[in-house]
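> need a 3D model of the following:
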Amino acid sequence: MNETKGKSRRSVKRELPEGPYELGDGQPVEQRAIRDEQVRFVDFVAHIYDGAETLLGHAGNQRAMRLVLHLIASHFDGQLVTSSSLAAASGLSYGTALRTIDDLGEQGLIVRRLRTASGRSQSLHPSAALLARWRHFAYRGEVLMRGTLRKETPARPRRKTQSAVLPPPAVLDTKLDLGRGLRVLVHADPTFMAMLNLKRQFEMIMGTSIESRAHSIDRLRAELIANAQRAVSRYDIVAVDLPWFGEMAVEGRLLPLDALIATSGFDQSDIYTDALASSSWQGVQYGVPIMVSGEILVYRKDLLAVAGLEPPRTVEQTLAIARALHDPGAGLAGISWNGGRGTPLGHTFMMIMSAFGQPIINLTPTADGFDAENIAPDNMRPMFQSDAARQTVEYLLDLLAVSPPDILKMTWYDRARTYANGSAAMAYSHSILAPIHETDQSSPAHLCTGYAPHPTGAKGRPIVPMGGYSLAIPANIAANRIGEVWRALQTFTTASATKLYLANGSLASPRTSVSRDPEVAALSPLISAVDDMARHGYLRMWPRPPIPGIADLIAIAREEIHDVLTGAKTTEQALKSAQHNADALLRR
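Residues are numbered from 1 along each chain as shown. As a prediction, the model looks like this:
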């Protein structure tokens, strides 16, 4: 009997579970909520429906949604939509579709625009109100998709901001009345290439055909001059490099815009201050900025980190880092820049000279730099024989030893491409060319690039020389086209249009509202970096002031400085010659 009691005691002894997944006898099961992928998708769809009803209102219900989707897609594709084609695409009965279309029109969500002078035919377009609602709906949908389906943690904003999500550009209420269409002359760069790629959409927005021609910087200036000599302009709208406005205005090549701006109420309040000032001369505005870039120092964050180096702030630090990372045997140069004979070198000399604290002419000093707007005769004295000019040349000579082998042939795209393909650890480069590495995932510099103002000389301060282009109207345009062409120029330069360029390959924004749009800022860290430099007062026009004769100064610098770099002249010989030639040209 005692034996039986012993067996009984052993039988009630609990055995420990084997491994973390086995439960012991009588051990309660802990319930954990498991969200199946299908349940997450249900949540996502529910949120989308809620968002559609909240943001789109009646247009978000199931009956109207097919109409809205077709209308929005056709707007972006540049496809013409009529009442009949929209009704056919809706999946509704013809009568129900037409009633829904009328209902959306009464709510101000559909714009009807005359297709012909008789008024018998109309095209349908999403209104500005519908596009704004749609943009917010799409933005919310993207956030929901990242958080609900992809299970990504939303990125925290870099700073608290009230920045709005800008809507796409809406169609003009009435088509542009331009016989033979709109004719445009632009610069060959990522912003204008994006504009040209969006040609069909802008033709839909404006209701007219668009004919475009794109030139490199020197050919563009030559064509602007040639066009001004014609009896009637070949172009309706032209792109003008910011430093050219003084010359173009004095020579009478551009139409003053002040009266057109005043009567139209065109909003320029968020355009970067110096960009707007660069598009003027003697208080008269001649252009509207369409893109703004900054000449900056780009550097490989990963290479500096491995070497235990901090980003450079001075020219001495820049040289030290370039020497430390320069490894010709591994195909890596310390730094790339514009060293080739030509216009790019002339610009580089001026911009690096500004980091030594001196503009190319005798501008009046101010508390935060130099006054490039109020130009007196004494300000027009060239400064090629200043201490800053000599220090700039000496610095460029020092850079030769840590530059790529072909540096004396290198220009705008060459230096950017050399950096992007991993052949240079740093580069002086315009932010306009950042897409070469920012949008190319195969580039060693992709997501590994830091951005900084120009490293400073002894008497310099942080500076980001401003570059970019404004759109202008030739002075010799046919008078009967001016009103409609001004409507087109406004359309090309709105915040909504600018956002469209950035979404299609450009990274150069002229407006704070665009730079701080959360969707735009997410495209590249460069956009916020340049905007931050502008907020700190670094992005300035005075390194390349928009004065008459600026192109001549650039031409002189490009020749004389290259002669020094090749050893054909000494620094003193070249700068003395440059000063003499510049004095003679500016005194004319």
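> for the stretch 401-550 of the chain, give me the ranges with low pLDDT.
Applying pLDDT under 70 to the stretch 401-550 of the chain picks out no residues at all.
> can you pull out the helices in it?
Taking DSSP state H, counting those that start in this stretch, the helices of the stretch 401-550 of the chain run over residues 412-420, 435-438, 482-493, 495-503, 512-515, 518-521, 525-535, 550-566.
> give me the contacts around the longest one.
Taking Cβ atoms under 8 Å, 6 or more residues apart in numbering as the criterion, the residues outside helix 550-566 that touch it are 221, 243-244, 246-247, 339-347, 349-350, 360-361, 382, 384, 393, 396-397, 400, 408, 544, 569-571, 574-575, 577-578, 581-582, 585-586. No exception for glycine: its C-beta is placed from N, CA and C like everyone else's.
> list buried residues within those.
For the contacts of helix 550-566, a neighbour count by 16 or more other Cβ atoms under 10 Å gives the buried set as 221, 243-244, 246-247, 339-347, 349-350, 360-361, 382, 384, 393, 396, 544, 569, 571, 574-575, 577-578, 581-582, 585-586.
> among the contacts of helix 550-566, which lie within helices?
Within these, residues falling in helices by DSSP state H are 221, 246-247, 343-347, 349-350, 393, 396-397, 400, 571, 574-575, 577-578, 581-582, 585-586.
> show me where pLDDT drops low in this protein?
Applying pLDDT under 70 to the chain picks out residues 1-47, 49-51, 53-60, 117-118, 144, 146-163.
> tell me which residue lies nearest the centroid of it.
Ala508 (1.9 Å; Cα atoms, centre = their mean).
> how about it: what's its closest non-neighbour residue?
With Cβ to Cβ, 6 or more residues apart in numbering as the criterion, Ala508 has its nearest non-adjacent residue at 4.1 Å, and that residue is Met291.
> hmm, the one you found is touching Tyr501, no?
Yes. In terms of Cβ atoms under 8 Å, Met291 counts as a neighbour of Tyr501; the distance is 7.3 Å.
> between those two, which contacts overlap?
Taking Cβ under 8 Å, 6+ apart as the criterion, Met291 and Tyr501 both touch Thr191.
> and those two? Which one has more around it.
With neighbours defined as other Cβ atoms under 10 Å, Met291 and Tyr501 compare such that Met291 has more, 30 against 24.
> contacting residues for that one?
189, 191-192, 432, 468-469, 498, 501, 506, 508-510.
> 7 Å - rerun?
191, 432, 468-469, 506, 508, 510 (Cβ atoms under 7 Å, 6 or more residues apart in numbering).
> for Tyr451, list each beta-bridge partner.
On the basis of DSSP bridges, Tyr451 is bridged to Val298.
> I should have written Phe370 there, sorry.
For Phe370, the beta-bridge partners are Pro365 (DSSP bridges).
> so how far is Trp281 from Pro382?
For Pro382, the distance to Trp281 (Cβ to Cβ, to the nearest Å) stands at 19 Å.
> and what of Arg540?
Plainly put, Arg540 is 17 Å away from Trp281 if you go by Cβ to Cβ.
> what's in contact with stretch 387-405?
The contact list for stretch 387-405, computed with Cβ under 7 Å, 6+ apart, reads 315, 319, 322-323, 326, 333-337, 339, 349, 352-353, 356-358, 383, 407, 410, 418, 423-424, 457, 561, 564-565, 571, 575.
> what comes up buried for it?
By neighbour count with 16+ other Cβ under 10 Å, stretch 387-405 contains the buried residues 388-393, 395-396, 398-399, 402-404.
> quick check, nearest of those residues to Gly308?
The nearest member of the buried residues of stretch 387-405 to Gly308, counting by Cβ to Cβ, is Val402 at 18.3 Å.
> just give the closest residue to the closest one, not the sequence neighbours.
Closest to Val402 by Cβ to Cβ, 6+ apart is Gly334, at 3.3 Å.
> beta partners for the closest residue to Pro404 other than its chain neighbours?
Nearest non-adjacent residue to Pro404, counting by Cβ to Cβ, 6+ apart: Ala333, 4.4 Å away. Beta-bridge partners for Ala333, by DSSP bridges, are Ala424.
> contact partners for Ala333?
Applying Cβ under 7 Å, 6+ apart, the residues contacting Ala333 are 326, 402-404, 423-424.
> would you point out the most distant pair within the residues you listed?
Comparing all pairs in the contacts of Ala333 by Cβ to Cβ, the longest separation belongs to Val402 and Ser423, at 12.7 Å.
> fine by me, thanks again.
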